[in-house]
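K.L.:
structure for this input, please:
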Amino acid sequence: MTHITLITGGQRSGKSAYAERLALSLTDHPVYVATAHIWDDEFRERVRRHQTRRGPQWTNIEEERHLSRHDVSGRVVLVDCLTLWATNYFTPQAPDQAPPDVDATLRLMQAEFDRFTAQDATFIFVTNEIGLGGTSANALQRRFTDLLGWLNQYVAARANDVVLMVSGIPIHLKSQQPPTAP
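P.N.:
Take a look at the predicted model:
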């Protein structure tokens, strides 16, 4: 039976560490799906720190867009993160290409999410709440904030559990079964 947990919060709120502890509390051999595209050296270092924190018991998959091409049936799967996944859909593939339409991009992502979570697995998704701050003066940033906010709402509506991380403290917003959490 499919079970979906969404873990959200601000940058450096403890989302990923909490998600990893949750996955390890559910299985000895979780799957880690990294959606990150390495943009620069600073981000490469962030990825390296995340990898160092995880041990050899993890099955690692790097997938920037097409999550559903991976068979994870029967597994506990941590997808880190929806924000970077959305960035991969929203960022132009060529320097002279305009960013895609927000509504069309959202529909593509919703369909991909649905295909991926149609598998019988336990899914843990990490995302960012980037819309809690002020409204950006940059139109592109506002469009991305809209996209991620609507994607987060879509995933949260389908999730069994939703956890908001604040300063390393998990706040359970939605729970259809008590977490066996860390």
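
K.L.:
which strands and helices lie in contact with the one helix or strand in the chain whose mean pLDDT sits lowest?
P.N.:
None of the helices or strands of the chain scores lower by mean pLDDT, DSSP states H and E than helix 41-53, at a mean of 79. Counting contacts by 3 or more Cβ pairs under 8 Å, 6 or more residues apart in numbering; DSSP states H and E, helix 41-53 packs against helix 15-26. From N, CA and C alone the C-beta is placed, and that goes for glycine too.

K.L.:
who touches residue 122 in this structure?
P.N.:
Contacts for residue 122 (Cβ atoms under 8 Å, 6 or more residues apart in numbering) come out as 2-3, 5, 26-27, 75-77.

K.L.:
of the residues you listed, keep whichever come out buried.
P.N.:
3, 5, 26, 75-77 (16 or more other Cβ atoms under 10 Å).

K.L.:
which one of those residues sits closest to residue 46?
P.N.:
residue 77 (21.0 Å; Cβ to Cβ).

K.L.:
assign the closest one to helix, strand or coil.
P.N.:
strand (DSSP: H, G, I helix; E, B strand; the rest coil).

K.L.:
how close does it sit to residue 99?
P.N.:
28 Å (Cβ to Cβ, to the nearest Å).

K.L.:
could you check how far residue 85 is from residue 28?
P.N.:
Residue 85 is 26 Å from residue 28, by Cβ to Cβ.

K.L.:
between those two, who's got more neighbours?
P.N.:
Between residue 85 and residue 28, counted using other Cβ atoms under 10 Å, the more crowded position is residue 85 (27 against 7).

K.L.:
report whether that one is found in a helix, as I expect.
P.N.:
Yes - checked against three-state DSSP, residue 85 lies within a helix.
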